[in-house]
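**Q** Mind folding the following:
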Amino acid sequence: MASLNVGNLGDYLREQRRNAQLSLRQLADAAGVSNPYLSQIERGLRKPSAEVLQQVAKALRISAETLYVRAGILDAERDRDEVETRAVILADPSLNERQKQVLLQIYESFRKENGFGVGEPAAHEAAEDMAQGVEADTGDTAVPGPGAAGGHDADAGPRRTAG
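**A** Here you go, the predicted structure:
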C-alpha cells in the first residue's frame, strides 16, 4: 500500500513524541487512540481526523493548529506565519512547557484583538482549550524568572544546580 501524503505529519509527530520523551504506547494511551493506529499515523499510512489530531496535540501539549496544517486540514499558505510563530515558540528549549503555553495564549489574544484568526473555529477552539488549561494551571502567578523562589515548576527542578 502506498504512503498517503501525510508523511510530513507522521515525521513531525514522531519528533514531537520523542522530544516529549514518550513511547508510542504512552502517547497512544494519553491521546485515547490505539497503539497500532498511532503507529500507522507516524508511518504515514493513515490520515487522522481533526478530532484525533486534537487529542494527540493535547497529549503532547503542542498546538493542534500545527498538526492540522501538516495534515492538510488548514490552508498552509494562509496560516503559515501563525504556524511558524507557534512552532518557534514550541521548539524553544529555553522555555518550559508552562511558559510556552502562556506565551501562546498571549500571542493568540493579540491576534484576536487585531482581527486575525476569527473565522477558523476548529483550530482556535483547540488553542482556547489549551489556554484555559494554562489559566487553571498557573492561576495568577507570573511566569518565574531565573532564581525565582518557591516555584512549583516541575520542569525547573532537574536543571537547577547547587552553587
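
**Q** show me the contacts for Asn35.
**A** If you count contacts by C-beta atoms under 8 Å, 6 or more residues apart in numbering, Asn35 has them with 24-25, 28. For every residue, glycine as well, the C-beta is placed using N, CA and C.

**Q** For these, pick the one with the most neighbours.
**A** Neighbour tally across the contacts of Asn35 (other C-beta atoms under 10 Å): the maximum, 21 neighbours, falls on Ala28.

**Q** That one: what secondary structure?
**A** helix (DSSP: H, G, I helix; E, B strand; the rest coil).

**Q** can you put the contacts of Asn35 in CSV and add pLDDT and distance to Arg61?
**A** Putting the contacts of Asn35 into CSV (pLDDT from 0 to 100; distance: C-beta to C-beta, whole Å) gives the following:
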residue, pLDDT, distance to Arg61
Leu24, 95, 17
Arg25, 96, 18
Ala28, 96, 16
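
**Q** out of these, who's nearest Ala59?
**A** Out of these, the one with the shortest distance to Ala59 is Ala28. That distance is 8.7 Å, counting by C-beta to C-beta.

**Q** Quick one: residues contacting the closest one.
**A** Going by C-beta under 8 Å, 6+ apart, the list of residues near Ala28 reads 34-35, 37-38.

**Q** how does it look with 10 Å?
**A** Contacts for Ala28 (C-beta atoms under 10 Å, 6 or more residues apart in numbering) come out as 17, 22, 34-39, 41, 56, 59.

**Q** Please apply the same query to Ala20.
**A** Ala20 makes contact with 26-27, 30, 59-62, 97, according to C-beta under 10 Å, 6+ apart.

**Q** same thing with Leu13?
**A** Shown here is Leu13, whose contacts under the criterion C-beta under 10 Å, 6+ apart are 6, 24, 27, 38, 41-42, 44, 48, 53, 56-57, 60, 62, 67, 70-71.

**Q** go on, Arg14?
**A** Listed by C-beta under 10 Å, 6+ apart, the contact set of Arg14 reads 24, 27, 38-39, 41-43.
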